[in-house]
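The following block contains a protein sequence and its predicted model.
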Amino acid sequence: MNATVGDRLLMHGNTVGEGDRRGEIIEVRGSDGGPPYMVRFEDGHTGLVFPGPDAVVEHA
């Protein structure tokens, strides 16, 4: 998984009733565009994310 600042991260809910989470990648901390990513989510929360297999990068 590779990303650049400005790309969007979509994390699919993995339990029943849990919705998807979407946010903008504001910092790439891994080498060559790899994780972890600092992400600002739609609800305003910012956090460091190590995306799992349920995550997709949407390139800007």
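Thanks, I have the structure now.

now the helices for the chain?
Read by DSSP state H, the chain holds no helices at all.

which stretches of it form strands?
Along the chain, the stretches classed as strands by DSSP state E are 8-11, 21-28, 37-41, 46-49, 55-58.

Would you mark the buried spots in stretch 49-59?
49, 51, 55, 57 (16 or more other Cβ atoms under 10 Å). For every residue, glycine as well, the C-beta is placed using N, CA and C.

again with stretch 20-30
Neighbour count says stretch 20-30 has 21, 23-25, 28 buried, by 16+ other Cβ under 10 Å.

same deal with stretch 36-44?
Here stretch 36-44 shows 37-39 as buried, counting by 16+ other Cβ under 10 Å.

middle-most residue in this protein, spatially?
A centroid search over the chain (Cα atoms, centre = their mean) returns residue 9, at 3.3 Å, as the residue closest to the centre.

That one contacts residue 39, doesn't it?
Yes: Residue 9 sits in contact with residue 39 when judged by Cβ atoms under 8 Å, with a separation of 5.4 Å.

what touches both of these two?
23-25, 49 (Cβ atoms under 8 Å, 6 or more residues apart in numbering).

Let me have these in TSV, adding pLDDT as columns.
Putting the shared contacts of residue 9 and residue 39 into TSV (pLDDT from 0 to 100) gives the following:
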residue	pLDDT
23	97
24	98
25	98
49	96
